[in-house]
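Visitor: Sequence isn't available, so here's the structure alone:
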């Protein structure tokens, strides 16, 4: 171990650390508001989420020190080992895991619970960066592409069957990194079209999809320059779209059971369900919407105090910001996230080692998808998918996962001068 | 492009979030209102529901207090459960069960713990309630019926269901709302407007005083009393006459369109639908699929009008000029209306003129007259449509527009209907000849038939039938509700018809129920009807039908009576109509033996036939 202890001094970029401190701090302040009650017993009250979160935060700072203390080469060299360990943990969950609110995602030791999927996000980013950092790798080569995809899809599948669709989505979002590495844009394009057809089939109907795609292909036929006209491929594409739409429709109607259909219908807004899943979004929109420009003031949020928003200190923590700090506070938090992401992108692009660079892209992608899905869900822009807001939401595993993810990168970045 | 892909995504998402947040927090204030709904408690002050009177000022419906024990599970702390159980007369396991149920509904919101305590229990509890934290007594008002009649007219009230609560912001969980009849149609008048006090709550759900010093608070507005057009005595008498029979009676005052009585038999005592036995009783009434006591036959039952409809065919023929009152038609126990098609008739002198045709109810006469009317036009379809138009001008085949929440259209066929049934233009007047005698496709509800009788009584027009007379002792402006509807028949053509209807009592089919001293005009009807038994169409005993109005000049009442499976019109419906008329005009009944026969007569055996599973004979 000794040879992995860092040779000081290193050049740490302080700007992301500032963002980190701000986000964690603001997050805790809001967790306090969302979970405090008259029976509270000081900020270290371990029976309350805010008390526990304070402990998690302190432990995360210890983690930061450890991460900085370890030499940066360590992460690259052992990434595969970490990855395999996390896969084993994900598998172990099916044997030793405990079911909490419908999903078997936790190991429970006494009063503490650990969610291995949060750590698997770190190791997957690491192993992907390791694989992509090999100069021989070419994303146009099907075998290479398949290997990279497998690295992503294996943990995605394991969390999907827990079931934790939100985390699965986070893993799948890493495909974006493959695109940045040179994977054909067609994959992204085709994936987007497939998602579009999928949603349109469920929201409208098969006939609509066929009509719209027919019109689309007729128009594109006339817009393609004369000599390049490819009637054949266009027809093939049209048939492909229609077939996809039909099979989605068929599977939905004939293979799915009613409970699956219900869930989709609610998520897609086809069925109103204020008492079920739709209830969360409804309550969170009320809380945020009632904040106005200035907010109701800290600890003055009537919705927050009344515990009207479910899971408010975890996935719905942003509603507290919206209600008590208003548009002003919400905008600041959004700008803080955007600022952090931009700074990290900037850092990523200045990396000299390929591992650090691809790790950076993975980090930005994971943080971004959490940010986008969480806030989008809370303000009702996208369907309910339960993933935490990085650094903000209550929860030890998530906080530690994000801390590791971020600070390993800062360590890599800080060490770039020592590489050459 | 690839290089800036992530940049683009981040900027795009952040912008989308800011725009959506601006819309939620700055533009749309619906969420602020919703938040106030939740964080600011509203305390309601319920006004008393309006009373309901009959046309003579007789009280029909008032209110009685009732006391619910409510619980807010979260607030239940340190109470002597055993003492509470003793006071409420429940045992410990009941207590636990109810509390658990309430907790599952909501720990924070009030649930009903014990509904509708008696006054004695309430008195005993009232002094001790302070001991039981989390429990309180909610006073509610229940209806108190002063009559056992008119349940179909009055309707009932019940707790608002979730659908109503989500559609109408006025109602909350537990509010009572009119479900049927007058209670439903005049809900907004009867209920008044509840008062509201806004109470500011702090984050621990404690009341911290009036919100903004009560500027938004309002006082309750009393419910308004209704005076109905119903004559309670006539209504009760009609219900008595209809006991052990099924059918409907509707009586209308022709000069105004006011509904004097609306009987649906069998009926039920409205008091069954209040109090602690309500749901048990309701289930029982609701599931009686044979007698259907909740089904308002006066408004909803569609029957063929039978021979009572002949009057209208005569009017149409006169208006169309195809006959006059001297036109005679021969009848030899019926007539051939087409080659090989014979319509039967009963024995009477032949040939008959219009007057004789009416009082003898001659099928041949009206079959011929009907065919003449239709065949006046070159195309049968044109003739049918003309006929249909005349018929509909009497308010048949469509909603009448009265102020009660249910109804049926009935049915009057037109050319388009027969085109569908027989293929275009392949049918002639003979195919539709059942219309001549009120059979076939024709369907009418009792209120439609009563209204049609009123139009004859008025010699050519009717006022929209209605149930409201006064609101809060003030005459209501009925101009939006009640309209004078002119029929397409000229007034002069009614006199020979009215004379014929008069002779129905003097020497015709209803001579047996003549009333000395009252000039009644009427018409009997006997309608064939069928039921499906084990998938087979089986004919049942004919419906007994009667329409009448009286007195002949300046009529005060027009009435239609349907008695299901009563056979001849003169057997049940005729006597009942004549008794009702006498009751209304003279207030005393001279023919005690007839009254006794009607009161005691029962058709229950007849109604058992189709469900007994045994072979049976009809029209006995």
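Guide: Arrived safely, thanks for sending. Here the structure is a predicted model, which means the values were calculated and not measured.

Visitor: Please report the number of neighbouring residues for the residue in the stretch 151-300 of chain A that chain B sits nearest to.
Guide: The minimum distance from the stretch 151-300 of chain A to chain B, using C-beta to the nearest C-beta, falls at residue A:289 (2.4 Å). (C-beta placed from N, C-alpha, C; glycine too.) By the criterion of other C-beta atoms under 10 Å in any protein chain shown, residue A:289 has 28 neighbours.

Visitor: which residues sit against stretch B:580-593?
Guide: B:231, B:233-234, B:237-238, B:241, B:249, B:251, B:260-261, B:515-518, B:520, B:548, B:550-551, B:556-557, B:559, B:561, B:579, B:595 (C-beta atoms under 8 Å, 6 or more residues apart in numbering or on different chains).

Visitor: For that stretch, give the distance from the opening residue to the closing one.
Guide: Stretch B:580-593 has an end-to-end distance of 15 Å (C-alpha to C-alpha, to the nearest Å).

Visitor: Off-centre distance for that stretch?
Guide: Chain-centre distance of stretch B:580-593: 26 Å, with C-alpha atoms, centre = their mean, to the nearest Å.

Visitor: go on, stretch B:186-203?
Guide: The answer for stretch B:186-203 is 30 Å, by C-alpha atoms, centre = their mean.

Visitor: now stretch B:589-596
Guide: Relative to its parent chain, stretch B:589-596 has a centroid offset of 30 Å by C-alpha atoms, centre = their mean.

Visitor: Please apply the same query to stretch B:299-314.
Guide: So, by C-alpha atoms, centre = their mean, the centroid of stretch B:299-314 is 19 Å from its chain's centroid.

Visitor: what's the nearest residue to the residue of the stretch 151-300 of chain A closest to chain B if we skip its chain neighbours?
Guide: residue B:31 (2.4 Å; C-beta to C-beta, 6 or more residues apart in numbering or on different chains).

Visitor: Need the pLDDT of that neighbour.
Guide: Residue B:31 carries a pLDDT value of 71.

Visitor: cool, and residue B:543?
Guide: 91.

Visitor: Can I take it that it is in a strand?
Guide: Yes. Under DSSP: H, G, I helix; E, B strand; the rest coil, residue B:543 falls within a strand.

Visitor: so it touches residue B:302, yeah?
Guide: No. Counting by C-beta atoms under 8 Å, residue B:543 does not reach residue B:302; the two are 11.4 Å apart.

Visitor: Looking at these two, which one has more neighbours?
Guide: Looking at residue B:543 and residue B:302 with other C-beta under 10 Å, you find the greater number of neighbours at residue B:543, namely 26 against 16.

Visitor: residue ranges of the helices in the stretch 151-300 of chain A, please?
Guide: Counting by DSSP state H, counting those that start in this stretch, the stretch 151-300 of chain A has helices at residues A:165-173, A:175-180, A:185-203, A:206-223, A:231-250, A:258-267, A:277-289.

Visitor: Count the neighbours of residue 25 for me.
Guide: Defaulting to chain A. 12.

Visitor: try again with chain B
Guide: Around residue B:25 there are 27 residues (other C-beta under 10 Å).

Visitor: ok, now residue B:575?
Guide: Count around residue B:575 with other C-beta under 10 Å applied: 24.

Visitor: Mind putting the helices of the stretch 151-300 of chain A into JSON lines with mean pLDDT and distance to residue B:408?
Guide: Listed next are the helices of the stretch 151-300 of chain A as JSON lines, based on pLDDT from 0 to 100; distance: least, C-beta to C-beta, whole Å:
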{"stretch": "helix A:165-173", "mean pLDDT": "86", "distance to residue B:408": "52"}
{"stretch": "helix A:175-180", "mean pLDDT": "90", "distance to residue B:408": "63"}
{"stretch": "helix A:185-203", "mean pLDDT": "76", "distance to residue B:408": "39"}
{"stretch": "helix A:206-223", "mean pLDDT": "81", "distance to residue B:408": "37"}
{"stretch": "helix A:231-250", "mean pLDDT": "81", "distance to residue B:408": "40"}
{"stretch": "helix A:258-267", "mean pLDDT": "60", "distance to residue B:408": "36"}
{"stretch": "helix A:277-289", "mean pLDDT": "76", "distance to residue B:408": "39"}
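
Visitor: any idea how chain A splits into domains?
Guide: A:2-10+A:23-182+A:274-419, A:188-255 (automatic domain parsing).

Visitor: And chain B, by the same measure?
Guide: When chain B is parsed with automatic domain parsing, its domains come out as B:42-193+B:220-228, B:232-269+B:296-612.

Visitor: Which one, of the helices of the stretch 151-300 of chain A, ends up nearest to residue B:286?
Guide: helix A:258-267 (28.5 Å; C-beta to C-beta).

Visitor: Would you state the helices of the stretch 401-550 of chain B in chain order?
Guide: Using DSSP H, counting those that start in this stretch, helices in the stretch 401-550 of chain B cover B:415-422, B:446-457, B:494-506.

Visitor: Is residue B:450 in contact with residue B:548, as I believe?
Guide: No. With contact defined as C-beta under 8 Å, residue B:450 does not reach residue B:548; the gap is 9.8 Å.

Visitor: intersection of neighbour lists for those two?
Guide: Common contact partners of residue B:450 and residue B:548 (C-beta under 8 Å, 6+ apart): B:558-559.

Visitor: Now the stretch 451-600 of chain B against chain A: closest residue?
Guide: For the stretch 451-600 of chain B, C-beta to the nearest C-beta, closest residue to chain A: residue B:535, 33.0 Å.

Visitor: Please apply the same query to the stretch 351-500 of chain B.
Guide: For the stretch 351-500 of chain B, C-beta to the nearest C-beta, closest residue to chain A: residue B:405, 27.0 Å.

Visitor: What number of residues are in the vicinity of residue 345?
Guide: Using chain A here. 20.

Visitor: not what I meant, chain B
Guide: 21.

Visitor: for residue A:235, same thing?
Guide: 12.

Visitor: The one 5 residues further on now?
Guide: Neighbour count of residue A:240, defined by other C-beta under 10 Å: 15.

Visitor: Pop out the phi and psi values for residue 80.
Guide: With no chain named, the answer covers chain A. With angles defined as degrees, to the nearest 10, residue A:80 sits at phi -60, psi -40.

Visitor: Starting from residue B:276, give me the distance back to it.
Guide: 73 Å (C-beta to C-beta, to the nearest Å).

Visitor: and those two? which has more neighbours close in?
Guide: residue A:80 (15 against 12).

Visitor: Could you pick out the residues of the stretch 351-500 of chain B near chain A for me?
Guide: Within reach of chain A by C-beta under 8 Å from any C-beta of the partner chain, the stretch 351-500 of chain B has no residues at all.

Visitor: ok, back up a step: using JSON lines, lay out the helices of the stretch 401-550 of chain B together with mean neighbour count and mean pLDDT.
Guide: Converted to JSON lines, the helices of the stretch 401-550 of chain B look like this (neighbours: other C-beta atoms under 10 Å in any protein chain shown; pLDDT from 0 to 100):
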{"stretch": "helix B:415-422", "mean neighbour count": "15", "mean pLDDT": "85"}
{"stretch": "helix B:446-457", "mean neighbour count": "29", "mean pLDDT": "94"}
{"stretch": "helix B:494-506", "mean neighbour count": "21", "mean pLDDT": "91"}
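
Visitor: Format those as CSV; extra columns: distance to residue A:76.
Guide: Shown next, in CSV, are those (distance: least, C-beta to C-beta, whole Å):
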stretch, distance to residue A:76
helix B:415-422, 82
helix B:446-457, 89
helix B:494-506, 106
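
Visitor: So which of those helices is nearest residue B:134?
Guide: Short answer: helix B:446-457, nearest of the helices of the stretch 401-550 of chain B by C-beta to C-beta, at 51.8 Å.

Visitor: how much space between the residue of the stretch 451-600 of chain B closest to chain A and residue B:168?
Guide: Taken as C-beta to C-beta, the span from residue B:535 to residue B:168 is 43 Å.

Visitor: Residue B:62 touches residue B:147, doesn't it?
Guide: No. In this structure residue B:62 lies outside contact range of residue B:147 using C-beta under 8 Å: 10.8 Å.
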